[in-house]
Structure formats: C-alpha cells, structure tokens
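A.B. asks: Kindly generate the corresponding structure for this input.
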Amino acid sequence: MADIFTMQCKNSTFNCSIEPELYNFIFACGYATIFIPGLLTNSAALWILYNLIRKKRKALIFMFNLSIADFLHVLTFPLQILYYLYSNWPFQPAFCLTCLYFKYLNMYTSVVFLICISIQRCIFLVNPFQAKHWKQKYDIFISILVWLSVGAGCVSFVISRELYPVNHRPCFTDIRMKNVALEYLIAILTGSEMTGFILPLVIITICTWKTMQSLRKNQTFSQDKEKIKRALRTILMCTAVFLMCFAPYHINLPFYSVAVHLQHCSSLCVLSFCNGIFVLLASLNCCMNPFIYYLTADEFRKHLFRRSQRLQSSLCAI
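C.D. replies: Sure, this is the predicted structure:
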C-alpha cells in the first residue's frame, strides 16, 4: 500500500500526510462494524422475503433481489478486513478483481433496484388498475435484465485497473486506475455518472413529486390517504439510502479519476482517501436496505413479528 502514501508522479516523489497505520485502521474497523449487522439483517431478510414470494406476494421481487445483492457483497467484507489488517492482498490478483467486481455490482444493482422499487410504488399508486393486473413474472424478467445489464457494465471498472507485481498486491479501492486515453476515461465517467447517479436521481425525484401530488389530491378518503403515505414512505426511504450511500462516491469520482489521469499527486493523495471512505459509505447500504423492507412492506413486518413471537414462545418453553 506504499503507493498510496509515497507517489511517483512526473519524475517527482510526493509523500502523503496520511499515515498508513491510520488508513488501515479506519477501513478495517469500518468494514468490521458493518459486517455482522449486514450479515444478520440480510440473512433474515432473504429468508423472510423468500417465504413471502412463495406465497405469491406482489411487489417483493425487487426487494428480494436487492437483498441478494447486499448479501453477496457482505460476504466479501471479511476479505477486505483481512486486507486492511495485513496491508497486502494474500491471494491471487484475479480473486481480488473478482471481489472488486462484486463490490461495484452490488453498488449499481442496489441503485437500480432502489429505483425499481420507487417506480413500481409510484406507478401502482397512480394507476391502481395496472397494479391489479401486474404479474410476478414481469418483475422476475426485469430483475434478470438488471443483473445482466449491470453485470456487463461493471466489467469496465475491473479491466480499467492496473495489476501489480507478486511482491506487492494492493486490492479493492487501492488498485489504481490505468492511465488510459482521455476519450476512454470520459466515456467510462459519463456512463457511470449518468446511469449510476444522475438518471436515478431524476427518476427518484419525479417519483417523489408524483406521490406527493397524489397525496395532496386525495385528502378526503382516509384509506387512500394512508395508502399514499405508505408509498411515499417507501420512496423517501429509497431516496435517503440513495443520497446518503451513493451520492458522495459519484460526486468524488470525476475529481478522483481526473487526478489519476493527470497524475496530480497532492490532489490524488486526498482524493484516494476520500474515494475509500465513500466506497465504505456505499457499502453501508447493506445495513440500511433491510430497514426499507421493515418500514415499508407490511407483509415483511407482519411475518417478522410472527416469527419473533414463535421464537420467544419457544425460548420461554425451554
């Protein structure tokens, strides 16, 4: 990891003021803190959502896929903790790139499925007739399409990274981007920013506006009003997770990428550290998404309550 703290740029050496020990400690503690909560909450969410889907509950397929993405991402956290504790990647570089690929896959599938949940709630609210005739297989088809398209798009993040010699193996956000042609860099940045941040932000803003508009129009019927409030709560929760977890990373990404391309060492030192912090913040969505299921899906909350009651009764019987 010495390349993060002592950089060779344009025939000159620049020493970062960030201490390697502090750097490693921050990230090791960060991923260790979210590993256990993320593993437990997503394991429980997968189990509950799977049982609900088997009972043909609607509007839960996207949540189930979101939980799968989070669970797969959480499984890479022990490897990240190990890496930051020992300041070196002990496995083959190909395995590191695989873990990095799953990190980006989780980030962007999470963004897309959060948007899918918001769009679906908004459309079902505005057009209840369509909600009655919407079939579960449509959500399954959309989910498969999301996994394939996002999976193909995330390949560019892996192939744009440099591989290092065997005696020095950085991994995850410490792997530097290749000094590629400016046109290629602009294409990657434009694609990731448009599809991963700007377009989802526009969509989620429109969904929020349409739902609030429906709430203002339906002030007479308490049942309709409560239904709109639940939909608005879902969309606002998705918006909060999106802005908190993914906005900082995408705001920092263009500056970080330009600093790498220009090899501007003083900026790169700070932006590299910020990039790692913001990727850690993006990983926090693994712990936050289960709260969306609990607070917005009535079936999920009722199922969890019944299971908790049964578990409590079993323990009391012992």
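A.B. asks: In the stretch 1-150 of the chain, where is pLDDT below threshold?
C.D. replies: 1-20, 55-59, 128-131 (pLDDT under 70).
A.B. asks: again, only using 90
C.D. replies: 1-30, 37-38, 40-64, 66-67, 69-77, 79-108, 110-140 (pLDDT under 90).
A.B. asks: Tabulate the CA atom coordinates of the helix or strand that contains Gly276 in CSV.
C.D. replies: Assessed by DSSP states H and E, Gly276 sits inside helix 265-283. Only the C-alpha atoms of helix 265-283 are listed here, as CSV (Å, rounded to 0.1, in the frame of the first residue of the first chain):
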residue,chain,number,x,y,z
CYS,A,265,-0.1,13.9,-6.6
SER,A,266,-1.2,16.4,-4.0
SER,A,267,-4.9,16.1,-5.1
LEU,A,268,-4.6,12.3,-5.7
CYS,A,269,-3.4,11.8,-2.1
VAL,A,270,-6.6,13.3,-0.6
LEU,A,271,-9.0,12.1,-3.3
SER,A,272,-7.7,8.5,-3.0
PHE,A,273,-8.5,8.5,0.7
CYS,A,274,-11.9,10.2,0.1
ASN,A,275,-12.7,7.5,-2.5
GLY,A,276,-12.0,4.8,0.0
ILE,A,277,-14.2,6.5,2.6
PHE,A,278,-17.1,7.0,0.1
VAL,A,279,-16.9,3.4,-1.1
LEU,A,280,-17.1,2.3,2.6
LEU,A,281,-20.1,4.6,2.9
ALA,A,282,-21.7,3.0,-0.2
SER,A,283,-21.2,-0.4,1.5
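A.B. asks: I'd like to know which elements it is packed against.
C.D. replies: helix 2-5, strand 6-9, strand 12-15, helix 20-54, helix 93-126, helix 247-262 (3 or more Cβ pairs under 8 Å, 6 or more residues apart in numbering; DSSP states H and E). Placement of C-beta: from N, CA and C, glycine included.
A.B. asks: which parts of that helix are buried?
C.D. replies: 265, 268-269, 271-283 (16 or more other Cβ atoms under 10 Å).
A.B. asks: Out of the helices and strands packed on helix 265-283, which one sits most buried?
C.D. replies: Comparing these on average neighbours per residue, with mean count of other Cβ atoms under 10 Å, the densest one is helix 93-126 at a mean of 21.
A.B. asks: how distant is that one from the center of its chain?
C.D. replies: Distance of helix 93-126 from its chain centroid, counting by Cα atoms, centre = their mean, to the nearest Å, is 6 Å.
A.B. asks: what helices or strands is that helix leaning on?
C.D. replies: helix 61-74, helix 128-133, helix 136-153, helix 155-159, helix 199-217, helix 222-241, helix 265-283, helix 285-296.
A.B. asks: Pull out the buried positions in the last one.
C.D. replies: Within helix 285-296, the residues that qualify as buried by neighbour count (16+ other Cβ under 10 Å) are Asn285, Cys286, Cys287, Met288, Asn289, Pro290, Ile292, Tyr293, Tyr294, Thr296.
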